[in-house]
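1. Predicted model, plus sequence, below.
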Amino acid sequence: MMGDYPIWLIIFGLGAGSFGLRFLFLGLVGDRAMPEWVLRHLRYTAVAVLPALVAPLVLWPSATGGQPDPTRLIAAAAAFIVGYVTKSIYGAMGTGAAVMIGAAYWPF
């Protein structure tokens with residue numbers, strides 16, 4: 001019984017922190033107009049999240065024991081180039097997936 005105390009304290013603390021952050025933006029500031037510089041920074045949040053999630057998987061993949069894999073690097077480069085040229089996230093993701101799948105069957 002006493003062994004469960006720390007985990008519940010952590011769960012409660014994380015829940016209270018999550019609620020506090022959401023309430024700060026939605027409850028206290030939600031009905032006010034935000035300054036232009038804040039809105040400009042918020043526009044780039046989604047653009048920054050995807051690379052932050054993908055970069056560790058490309059540079060230090062757990063499938064290779066944390067060693068960089070040329071296939072993943074080439075797929076990421078191809079996806080970046082297609083995304084930059086076409087401005088299409090679906091095109092970039094499709095290109096990266098096609099390179100990864102194609103490299104699996106390409107005899108090296």
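-> In hand now; what should we look at?
2. quick one: low-confidence parts of the chain?
-> Along the chain, segments meeting pLDDT under 70 span 1-2, 108.
3. repeat that for 80
-> Flagging of the chain using pLDDT under 80 yields the residue ranges 1-5, 25, 29-31, 107-108.
4. what's the residue closest to the geometric middle of it?
-> In the chain, the residue lying closest to the centroid (CA atoms, centre = their mean) is Leu53, at 2.9 Å.
5. Can I get the longest helix anywhere in the chain in PDB? Just the C-alpha atoms.
-> Using DSSP state H, we find that the single longest helix of the chain is helix 5-23. Provided in PDB are the C-alpha atoms of helix 5-23 (Å, rounded to 0.1, in the frame of the first residue of the first chain):
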ATOM      1  CA  TYR A   5       2.300   6.500  -2.800                       C
ATOM      2  CA  PRO A   6       5.100   7.900  -4.900                       C
ATOM      3  CA  ILE A   7       3.500   7.000  -8.200                       C
ATOM      4  CA  TRP A   8       0.200   8.600  -7.300                       C
ATOM      5  CA  LEU A   9       2.000  11.700  -6.200                       C
ATOM      6  CA  ILE A  10       3.700  11.900  -9.600                       C
ATOM      7  CA  ILE A  11       0.400  11.300 -11.400                       C
ATOM      8  CA  PHE A  12      -1.400  13.900  -9.400                       C
ATOM      9  CA  GLY A  13       1.500  16.400  -9.900                       C
ATOM     10  CA  LEU A  14       1.600  15.900 -13.600                       C
ATOM     11  CA  GLY A  15      -2.200  16.200 -13.800                       C
ATOM     12  CA  ALA A  16      -2.100  19.400 -11.800                       C
ATOM     13  CA  GLY A  17       0.700  20.900 -13.900                       C
ATOM     14  CA  SER A  18      -1.100  20.000 -17.200                       C
ATOM     15  CA  PHE A  19      -4.300  21.500 -15.900                       C
ATOM     16  CA  GLY A  20      -2.500  24.600 -14.800                       C
ATOM     17  CA  LEU A  21      -0.800  25.200 -18.200                       C
ATOM     18  CA  ARG A  22      -4.100  24.700 -20.000                       C
ATOM     19  CA  PHE A  23      -6.000  26.900 -17.600                       C
END
